[in-house]
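> no sequence on this one, just coordinates:
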């Protein structure tokens, strides 16, 4: 099993550009999450999903949108990138049967210039 | 709002030493607590998960304890090795809208010196 994968691994954007980060999991997990990790701030939840077709806001949702059209995929979109969105983005998934233990992807390093 | 604190922020020990990493949280109404390891430039690897009804969990040289009433958890690493060098993150799970969400501490960066 590949577990949780993220595409791309690295990306550089100019201010105002848009992009989509893709997260895929092959563990049939119901729940999926997007986090950002910044120096001195720790990991913060952006958005999450409790199932196909559902999404909800986390702690820092502004400037991001998400979609969960298929159970195995969770997309994070930046419509108009800002330098403040320079960060490392992590996706995670979990399932109720494992007490919601979260499994993380390898991350996407995004720089907005 | 749940807050998670990890002390110290960094720790350097000689190889072979036993060590303890600390995690404290402000709201005892947690569902579970997870300890993660993060290597530089990598994702998070789950080490141990302790359910709120449990007192401790063990995996190999790692032992994690949980005292919900005092809002504390410790991660004990026995006979440390240079390969244990990494950042260790503590996270507590609480009930959100239809799911359980994690609040993370900022981590303890561990260096094990050969």
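Sure thing, it's come through. It should be emphasised that the depicted structure is a prediction, and the values quoted were computed from it without experimental measurement.
> within range of chain B, give me the residues from chain A.
A:4, A:31, A:33, A:40-45, A:48, A:50, A:54, A:56, A:58, A:90, A:92, A:94, A:99-107 (CB under 8 Å from any CB of the partner chain). Glycine gets a C-beta too; all of them are placed from N, C-alpha and C.
> what lines up beside the lowest-mean-pLDDT helix or strand in chain B in the sheet?
Using mean pLDDT, DSSP states H and E, the weakest-scoring helix or strand in chain B turns out to be strand B:100-104, at a mean of 88. Partners of strand B:100-104 in the sheet, by DSSP bridges, are strand B:86-95 (antiparallel).
> would you mind listing the outside residues contacting the partner strand?
Residues outside strand B:86-95 that contact it (CB atoms under 8 Å, 6 or more residues apart in numbering or on different chains) are A:42-43, A:100, A:102, B:2, B:4, B:6, B:21, B:23, B:25, B:27, B:29-40, B:44, B:47, B:73, B:75, B:100-110.
> now, the residues of chain A next to chain B that are in strands?
Judged by DSSP state E, the subset of the residues of chain A next to chain B located in strands is A:4, A:31, A:33, A:42-45, A:48, A:50, A:54, A:56, A:90, A:92, A:94, A:103-104.
> how about the residues of chain B by chain A?
B:31-32, B:34, B:36, B:41-46, B:49, B:51, B:89, B:91, B:93, B:96-102, B:104-107.
> which among the residues of chain A next to chain B end up buried?
A:4, A:31, A:33, A:42-45, A:48, A:50, A:56, A:58, A:90, A:92, A:94, A:99-107 (16 or more other CB atoms under 10 Å in any protein chain shown).
> for the residue nearest to the spatial centre of chain A, list the residues it contacts.
Nearest to the mean C-alpha position of chain A, by CA atoms, centre = their mean, lies residue A:34 at 3.0 Å. By CB under 8 Å, 6+ apart, residue A:34 lies in contact with A:21, A:23, A:45-48, A:58, A:64, A:66, A:74, A:76, A:89-91.
> one more time with 6 Å
A:46, A:47, A:76, A:91 (CB atoms under 6 Å, 6 or more residues apart in numbering or on different chains).
> can you tell me which of those has the most neighbours?
Sorting those by how many neighbours each has (other CB atoms under 10 Å in any protein chain shown) puts residue A:91 first, at 28 neighbours.
> isn't that one right up against residue A:5?
No. With contacts counted by CB atoms under 6 Å, residue A:91 stays clear of residue A:5, the gap being 8.5 Å.
> now the common contact residues for the two.
Residues touching both residue A:91 and residue A:5 (CB under 6 Å, 6+ apart) are residue A:105.
> count of neighbours near the nearest residue to residue A:8 once chain neighbours are set aside?
Using CB to CB, 6 or more residues apart in numbering or on different chains and skipping residues adjacent in sequence, the residue nearest residue A:8 is residue A:108, 6.1 Å away. Applying other CB under 10 Å, we find 22 residues neighbouring residue A:108.
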